[in-house]
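J.: Here is a sequence together with a model predicted from it:
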Amino acid sequence: MNCFVTGATGFIGANLVHELIARGHRVKALVRKGADTRALGKVDCEFAQGDVLDRAALENGLRGCDWCFHVAASYHLWLRDYAPMYAANVEGTRTVLEIAAKAGCSRIVYTSTVGCIGLPKEVNGKVTPTDEATPVSGAQMSNHYKKSKWEAEVVARELAAKGLPIVIVNPSAPIGPRDVKPTPTGQVIVDFLNRKMPAYLDTGLNWVHVRDVAIGHILAAERGRVGERYILGNMDGNWTMKESLEELAKITGLPAPKFQVPYAVALTAAYFDEAISKISGKPPKAPLAGVRMAKYKMFFNPSKAVKELGIPQTPPRQAFVDAIEWFRANGYVK
């Protein structure tokens, strides 16, 4: 297939490009001028310069493509001005999906986030993972990133209802190789390796190997039902932060932090941190949005993607091992 990928220089996007090429597909990657392409390496793909709001670049790039993967997103937990993020995430999504359909793509895969899935509830200390059917509304979107992605997913669902061949995927917390930036999940591992994590919050994530997420995108194009959304996660990946750090300790031999920061303390510190950022213009070390999200254990049930798509289920421990090896090999560990 001829494939068009937005966000190709990002963590998920770069791994998706590598997986597509490995399966014999041809890839045209949308890349912004001056973008960091290290995650792509020397992969054999064609580059189309532009961004998700550049209609001419999208029309030219999508011409002749069979599949479109819209992975690009503006991901920030703190900005002085959030307007550009909404423009990229919401209007950019509408623009890419509409032009992809006009170009004749038989499948359009839109990358959303589990942040748009209903939050799990904790009863008597037990958390029940939620799935794609869990009710959620825009009111539950607790920060601008989640809200913009929620609005973008609404656009995708509306366009799918009008007949556009759109399938939505919602990755959980991917880790693994090619995390150049690194992402917030990757930063947890980098900080652990560099002994910069003296304490932790009582939160939880659904860890998934980024390779499985990339393959899940391809499977969504091959087998996904139009208008449906699929959580790209791991059935065994729901770990508390304490469990995650203990696993990292077993793998590396480094000690896991033992002090758990009370949520109220972290929240107060985040308010002060953001107040300083408004004056300095520099991003806070602990964004309020991140602390608020950490209040919940983000446990999810990806059984729909396992049953309908056949997404691989690489053990989370192996995902940690692969991420650690990549960070060490690429100079992230001092």
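T.: Looks like it came in fine.
J.: all helices for the stretch 201-334 of the chain, in order.
T.: Assigned by DSSP state H, counting those that start in this stretch, the stretch 201-334 of the chain shows helices spanning 210-223, 241-252, 263-280, 288-293, 303-304, 316-329.
J.: Just give the closest residue to V52, not the sequence neighbours.
T.: Leaving aside its sequence neighbours, V52 sits nearest to G92 (C-beta to C-beta, 6 or more residues apart in numbering; 3.3 Å). All C-beta atoms are positioned from the backbone trio N, CA, C, and that covers glycine.
J.: likewise W326?
T.: W326 sits nearest to P177 (C-beta to C-beta, 6+ apart), 3.9 Å away.
J.: What's the separation between that neighbour and T113?
T.: Going from P177 to T113 by C-beta to C-beta, to the nearest Å gives 21 Å.
J.: H209 now?
T.: The spacing between H209 and T113, counted by C-beta to C-beta, is 17 Å.
J.: pLDDT weak spots in the protein?
T.: In the predicted model of the chain, residues 137-139, 274, 277, 288-289 satisfy pLDDT under 70.
J.: what about M1, how many neighbours?
T.: Counted with other C-beta atoms under 10 Å, the burial measure for M1 works out to 17 neighbours.
J.: Quick check: R229 touching E132?
T.: Yes - taking contacts as C-beta atoms under 8 Å, R229 lies within contact range of E132: 5.2 Å.
J.: Looking at these two, which one has more neighbours?
T.: R229 (25 against 21).
J.: which ones are touching the more buried one?
T.: Residues counted as contacts of R229 (C-beta atoms under 8 Å, 6 or more residues apart in numbering) are 112, 132, 153, 157, 167-170.
J.: Of the helices of the stretch 201-334 of the chain, flag the one that's most buried.
T.: When you average the neighbours per residue for each of the helices of the stretch 201-334 of the chain (mean count of other C-beta atoms under 10 Å), helix 210-223 leads with a mean of 24.
J.: The contacts of R229 into CSV, with extra columns for distance to C68 and secondary structure?
T.: CSV is the format used below for the contacts of R229 (distance: C-beta to C-beta, whole Å; DSSP: H, G, I helix; E, B strand; the rest coil):
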residue, distance to C68, secondary structure
S112, 15, coil
E132, 22, coil
E153, 16, helix
R157, 17, helix
V167, 11, strand
I168, 13, strand
V169, 13, strand
N170, 18, strand
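J.: could you dump those residues to a markdown table with distance to E247?
T.: Putting the contacts of R229 into a markdown table (distance: C-beta to C-beta, whole Å) gives the following:
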| residue | distance to E247 |
| --- | --- |
| S112 | 27 |
| E132 | 27 |
| E153 | 31 |
| R157 | 36 |
| V167 | 32 |
| I168 | 30 |
| V169 | 26 |
| N170 | 24 |
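J.: Most neighbours among the residues you listed, which one?
T.: Taking other C-beta under 10 Å as the neighbour criterion, V169 ranks highest of the contacts of R229 with 27 neighbours.
J.: what residues are up against that residue?
T.: Remark: with contacts taken as C-beta under 8 Å, 6+ apart, V169 is in contact with 109-112, 216-217, 220, 224, 229-230, 232, 305.
J.: now the helices of the stretch 201-334 of the chain in CSV, with distance to S142?
T.: Compiled in CSV, the helices of the stretch 201-334 of the chain are given as follows (distance: least, C-beta to C-beta, whole Å):
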stretch, distance to S142
helix 210-223, 23
helix 241-252, 18
helix 263-280, 12
helix 288-293, 5
helix 303-304, 25
helix 316-329, 26
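J.: Which one of those helices lies nearest to D81?
T.: Closest to D81 of the helices of the stretch 201-334 of the chain is helix 263-280 (C-beta to C-beta; 11.7 Å).
J.: what packs against that closest one?
T.: With contacts defined as 3 or more C-beta pairs under 8 Å, 6 or more residues apart in numbering; DSSP states H and E, helix 263-280 has these neighbours: helix 288-293.
J.: one more time with 10 Å
T.: strand 199-200, helix 288-293 (3 or more C-beta pairs under 10 Å, 6 or more residues apart in numbering; DSSP states H and E).
J.: Wait, a helix at the residue nearest to V52?
T.: Yes - secondary structure assignment (DSSP: H, G, I helix; E, B strand; the rest coil) places G92 inside a helix.
J.: burial measure for G331, as a count.
T.: For G331, the tally of surrounding residues (other C-beta under 10 Å) stands at 7.
J.: do the one 3 residues further on as well
T.: As a burial measure, the neighbour count of K334 was computed by other C-beta under 10 Å and equals 8.
J.: Identify the residue nearest it in space, chain neighbours excluded?
T.: Across the structure, with C-beta to C-beta, 6+ apart as the measure, the residue nearest K334 apart from its sequence neighbours is N194 (5.5 Å).
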